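Student: Please find the sequence and the predicted model below.
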4 protein chains.
Amino acid sequence: MSQKLKVTVWNEYRHEKENEKVRAAYPQGIHTAIGEGINGDVEVTYATLDDPEHGLSEEVLNNTDVLIWWGHKAHGEVQDEIVARVQKRVWQGMGLIVLHSGHFSKVFKTLMGTSCDLKWREADEKERLWVVAPGHPIVEGIGEYIQLEEEEMYGEHFDIPQPDELVMVSWFEGGEVFRSGCTFHRGNGKIFYFRPGHETYPTYYNPQIRRVISNAVHWAAPTKREVPYYGNHKPLETIQPKVKA
Amino acid sequence: MSQKLKVTVWNEYRHEKENEKVRAAYPQGIHTAIGEGINGDVEVTYATLDDPEHGLSEEVLNNTDVLIWWGHKAHGEVQDEIVARVQKRVWQGMGLIVLHSGHFSKVFKTLMGTSCDLKWREADEKERLWVVAPGHPIVEGIGEYIQLEEEEMYGEHFDIPQPDELVMVSWFEGGEVFRSGCTFHRGNGKIFYFRPGHETYPTYYNPQIRRVISNAVHWAAPTKREVPYYGNHKPLETIQPKVKA
Amino acid sequence: MSQKLKVTVWNEYRHEKENEKVRAAYPQGIHTAIGEGINGDVEVTYATLDDPEHGLSEEVLNNTDVLIWWGHKAHGEVQDEIVARVQKRVWQGMGLIVLHSGHFSKVFKTLMGTSCDLKWREADEKERLWVVAPGHPIVEGIGEYIQLEEEEMYGEHFDIPQPDELVMVSWFEGGEVFRSGCTFHRGNGKIFYFRPGHETYPTYYNPQIRRVISNAVHWAAPTKREVPYYGNHKPLETIQPKVKA
Amino acid sequence: MSQKLKVTVWNEYRHEKENEKVRAAYPQGIHTAIGEGINGDVEVTYATLDDPEHGLSEEVLNNTDVLIWWGHKAHGEVQDEIVARVQKRVWQGMGLIVLHSGHFSKVFKTLMGTSCDLKWREADEKERLWVVAPGHPIVEGIGEYIQLEEEEMYGEHFDIPQPDELVMVSWFEGGEVFRSGCTFHRGNGKIFYFRPGHETYPTYYNPQIRRVISNAVHWAAPTKREVPYYGNHKPLETIQPKVKA
């Protein structure tokens, strides 16, 4: 019986079809570049927006340990029913890794409860992601920082709840900073938001970026235990009758 | 010019009309008992589910510094449009205090991103709320614990994100514990969840409970500053042209 | 080459020698009962207060991935030099699990920066440890709560910094609550404080307690990466000369 | 009877005496520039390293609501006894604001439990402190960022525990980032670490920097309540006798 971690990489997969520059960067789609970069004992499958049910049927999600999400220009086309399904699976324990422009996906916004808005700029500028949580398993094997010669800028204020753990902070050439690696927990599920990955740059081929995503996949693996019981609960101890006035 | 903090107490206001026992406990409604207990330089107004727009028009919310929420049996009747309006005002900086069964309100669930589910039991049992954050302004003037002779039980697991600050933890006679006083931040707004206050018990007349709610109102007051800018952002520093391969 | 995780269990080892009741509970010492309960691919060694350098030479600590600490009546006899050595190794990445009365050890107090004081009572009373972080790897395989029929009581306020993650909260028969499972990070090292384990009760034979400690050992394993550089740092970007007034 | 908040500004006060450039920037000492910038209903007094007991007698500390700390080159001369006295007062509820090079003071290191080390560089470079917690009272009246044309650089990894709240993050011209505004709680006391303020720059005359320090003073004011009881505690509920095997 397989003990492999089951990873589903979800991609909107529109830019690659419509824009030559993006297609040149990711000829098999961003999802493929992400999936090929995941190390360890994993089984990777793919799902995209234009698949039936966006590729995220109940069966697919029930067989997913960790879901990776990349979306950008078609957030509005993701059906609310599928969003609710993903949210519920996270609550049950499925890990979720939200990449780059996925900050504005319905899935992420619904799980955060905030607008998830930010500043942005496309200017081929340098980004340097500094590690601020040096003992976190997500940065195993990573140096003091990851440098990307060209990326889109995302700047603060990033409208998210305070992360449970802040793992990386970005410096941008144009003068901004950004909380680039953030963990959250929702229900039984672990969530990691990771900033880099604009569609026109080869970011997902970068070995350090791939290492962070791989580490995050293993960190976000479901914890094996019973989902808690909710609802009416019989007392575990004797409750004394109270004298009514 | 008035510098009073503007507090709106929102109550579902159904139990009091339909159930004699609740009416006996709160003849003028739970909202009135809550509002009368708030100390300091505040101006308290009331809003209920059956008011037009649930009493929460744009104008009312724009003039509210801190909103208090009590609801239970009619969460489903709160219109989604009003929920979105409250959420947006929290993001802009309005404080929000969610009481007791409000844990299951659309407003709270939307802001948390979790199910907000829990264990519960109505058994006239003793609750003791222990202070675990002794320096927090929300427990100013409060002893080591608040004891309530009869309350509904809420038990863990309480399905919320990890609170930014955990202020109080409840002990229940029947054997459970509960994270009873929890702060969260969403956008520019501060949120406090406070557990006690089942409709059949006189909890909101208890001086220590009133003190906590009063403290929380002042803690949750909006911070006076410009809401951050979001969107496309011009560089603050010169970005070097990159050499293309 | 061995990839086993190297665990050192440190025990004060005085109660067992001096008190018949404790010796009856732990004939080979508390450390042995703890060590025998650790699952997985680990290599366990032991160290005690009366060993030379308390069994914690530079060599021993440099070969320790995770250190477990049980002490109680002789905290004052632990040499400050050894405390500083342990603290430094935690900063470098060694995991640390502090058990029960270890809350008052020099090692724990030094790493927390607080008094680590609490309420306590020896009254053969029931403890129920409720899981409040259901997705945390430290509670893998653990039910909704662990029940111990007889334990010493520890009650709030427990004077620690707010934990990075609160994993378990205890209910006590006598009316108190306690934050019983808490994670912290110091430097590159991970720390877990776990409450149960008074010397007169057979707590460390309990399979659920052993499971939590085993899970914690694996969670606290060092992250493999270079320790950050500190000190004077050359600029990574060109700094413009400033015009002096 | 005075209700003014009692603020003591502590300064090492050596650079100003020994270095002409620093004396030119702060002719009355850094402490005076800090103290004069504090707004609101406060009573400011000063203490320096070369005063008897460093100006921090039991009486002075017992009459201090909030202590501000600036030190740099003579951390080692601060007596351990005075450090322990300050730590104890923080535990009792006194607020503490640690500025700039105070990161390496005994007082801060003792309260943090970490090395508090960092990267640094003196290169007259630009710093931009971005607000990442927009609703925090410490940034009331502050814009999206504070820009300082010339400052010393401090860079990550900054070896502190994860802050309870991260309020500001700095961007540096030379390519680094830094967690510049951080809150912590120890015992009943609130702590704010604020990065800027190298002795050769006029940072403490900057109105925005002064505003942050003023806000922090009011945020760190002691919460008025009894300090918790610690030690042996009688049960609040009846404990059932256990049947011994």
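Tutor: Nice, I can see it. No experiment lies behind these values; they were computed from the predicted model shown.

Student: what's the average pLDDT for stretch A:172-184?
Tutor: Throughout stretch A:172-184, pLDDT has a mean value of 98.

Student: near chain D at all, it?
Tutor: Yes: Stretch A:172-184 reaches chain D (Cβ under 8 Å from any Cβ of the partner chain) through A:172, A:175-177, A:179. To be clear about C-beta, it is placed using only N, CA and C from the backbone, and glycine gets the same treatment.

Student: can you tell me which residues contact A:Phe178?
Tutor: A:Phe178 makes contact with A:118, A:153-156, A:158, A:169-170, A:172, A:195 under the criterion Cβ atoms under 8 Å, 6 or more residues apart in numbering or on different chains.

Student: Just the ones of those in strands?
Tutor: Members of those lying in strands (criterion: DSSP state E): A:153-155, A:169-170, A:172.

Student: Now the residues you listed in CSV, please, with extra columns for neighbour count.
Tutor: CSV is the format used below for those (neighbours: other Cβ atoms under 10 Å in any protein chain shown):
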residue, neighbour count
A:Met153, 26
A:Tyr154, 25
A:Gly155, 26
A:Val169, 30
A:Ser170, 27
A:Phe172, 27
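
Student: closest to chain D among the residues you listed?
Tutor: A:Val169 (4.8 Å; Cβ to the nearest Cβ).

Student: Tell me the spatial nearest neighbour of the closest one, not counting adjacent residues.
Tutor: Spatial nearest neighbour of A:Val169, chain neighbours left out: D:Val177 (4.8 Å); criterion: Cβ to Cβ, 6 or more residues apart in numbering or on different chains.

Student: burial count for that neighbour?
Tutor: Using other Cβ atoms under 10 Å in any protein chain shown, the number of residues around D:Val177 comes to 27.

Student: Ok, A:Asp51 next?
Tutor: For A:Asp51, using other Cβ under 10 Å, the count is 14.

Student: same check, this time on the one 3 residues further on
Tutor: A count of nearby residues for A:His54, using other Cβ under 10 Å, gives 22.

Student: How about it: what's its closest non-neighbour residue?
Tutor: A:His54's closest residue in space is A:Ile82 (Cβ to Cβ, 6+ apart), at 5.3 Å.

Student: How about the residues of chain A by chain C?
Tutor: Within chain A, the positions lying close to chain C (Cβ under 8 Å from any Cβ) are A:93, A:128, A:131, A:133-137, A:139-144, A:164-165, A:173, A:185, A:187-190, A:222-229, A:236-237.

Student: now the residues you listed: which count as buried?
Tutor: Burial by neighbour count, judged by 16 or more other Cβ atoms under 10 Å in any protein chain shown, picks out A:93, A:128, A:131, A:133-137, A:139-140, A:142, A:144, A:164-165, A:173, A:185, A:187-190, A:222-223, A:225, A:228, A:237 from the residues of chain A next to chain C.

Student: Need the three-state assignment for the residue nearest to A:His54.
Tutor: At A:Ile82 the chain is in helix, as set by DSSP: H, G, I helix; E, B strand; the rest coil.

Student: Run through the bridge partners of the nearest residue to A:Lys4 once chain neighbours are set aside.
Tutor: Leaving aside its sequence neighbours, A:Lys4 sits nearest to A:Glu43 (Cβ to Cβ, 6+ apart; 4.4 Å). Here A:Glu43 shows beta-bridge partners A:Lys6, assigned using DSSP bridges.

Student: roughly how far apart are A:Glu77 and B:Tyr26?
Tutor: 48 Å (Cβ to Cβ, to the nearest Å).

Student: These two: which has the busier surroundings?
Tutor: Per other Cβ under 10 Å, whichever of A:Glu77 and B:Tyr26 has more neighbours is B:Tyr26, with 22 against 13.

Student: Double-check that one against B:Glu199; I have them as touching.
Tutor: Yes: when contacts are counted by Cβ atoms under 8 Å, B:Tyr26 is listed as touching B:Glu199 (7.2 Å).
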